[in-house]
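**Q** just coords:
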């Protein structure tokens with residue numbers, strides 16, 4: 001997957017906390033028919049932006065597909081000042097939140113690698129058929145990632161804190177199946193025959 005090292009620092013400061021947490025990258029790998037496209041909600045300037053993207057028009061009766069084959073997520077948490085600390089460890093979680101027409105299909109992200117204060121995540125299971133069960137129409141795919149990190153609370157313990165990388169949406173269209181189109185055409189022909 002294309003990856004550009006970008007340091008996006010989001011300081012979450014309240015009171016004495018100087019710990020830093022943030023998201024470096026949040027990118028979906030989409031299989032559109034036989035092509036692969038990477039769409040990023042955060043990071044990778046070379047990728048198209050997921051928010052506002054039109055994924056296209058699909059006719060499932062012709063075998064056309066729209067599959068989210070992976071979601072790559074990278075975040076960090078570290079000590080950014082005296083008397084404070086944030087960190088990530090194996091107990092932290094990340095979830096890809098997906099919804100289409102208010103139907104959720106959340107995906108657990110699995111920690112894949114550790115590099116210093118950064119962790120990378122991928123979705124498991126690996127793929128989601130976004131056209132599954134959809135009738136004809138125009139749809140909006142809503143995505144976000146929620147994640148946890150350990151936040152030092154000023155004593156010897158930490159608070160498990162949740163955050164979110166923000167919502168990004170994309171649209172796509174499912175078109176009539178040929179059988180439906182054929183019925184419409186036959187109805188029109190019958191209407192013309194009656195008028196003659």
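**A** Okay, I see it. No experiment lies behind these values; they were computed from the predicted model shown.
**Q** same for the helix or strand harbouring residue 98, what does it pack against?
**A** Taking DSSP states H and E as the definition, residue 98 sits inside strand 94-100. If you count contacts as 3 or more CB pairs under 8 Å, 6 or more residues apart in numbering; DSSP states H and E, strand 94-100 packs onto strand 66-78, strand 107-115, strand 137-152. C-betas here are computed from N, CA, C, even on glycine.
**Q** find the centremost residue of the protein, please.
**A** The centre of the chain sits closest to residue 143, judged by CA atoms, centre = their mean, with a distance of 4.4 Å.
**Q** what's near enough to touch the residue lying closest to it once chain neighbours are set aside?
**A** Nearest non-adjacent residue to residue 143, counting by CB to CB, 6 or more residues apart in numbering: residue 168, 5.2 Å away. Listed by CB atoms under 8 Å, 6 or more residues apart in numbering, the contact partners of residue 168 are 26, 41, 49, 50, 51, 142, 143, 144.
**Q** same check, this time on residue 128
**A** Applying CB under 8 Å, 6+ apart, we find residue 128 in contact with 67, 68, 98, 105, 107.
**Q** out of the contacts of residue 168, which end up buried?
**A** 26, 41, 50, 142, 143, 144 (16 or more other CB atoms under 10 Å).
**Q** check which helix or strand the nearest residue to the third one once chain neighbours are set aside maps to.
**A** Spatial nearest neighbour of residue 50, chain neighbours left out: residue 39 (4.0 Å); criterion: CB to CB, 6+ apart. In this assignment (DSSP H and E), residue 39 forms part of strand 35-42.
**Q** same for that strand, what does it pack against?
**A** strand 20-32, strand 48-49.
**Q** and the strand holding residue 98, which strands flank it?
**A** Sheet pairing for strand 94-100, assigned by DSSP bridges, gives strand 103-104 (antiparallel), strand 107-115 (antiparallel), strand 137-152 (antiparallel).
**Q** what's opposite residue 123 in the beta bridge?
**A** Beta-bridge pairing for residue 123 (DSSP bridges): residue 109.
**Q** what's near enough to touch it?
**A** Contacts of residue 123 by CB under 8 Å, 6+ apart are 68, 70, 71, 96, 107, 108, 109, 110.
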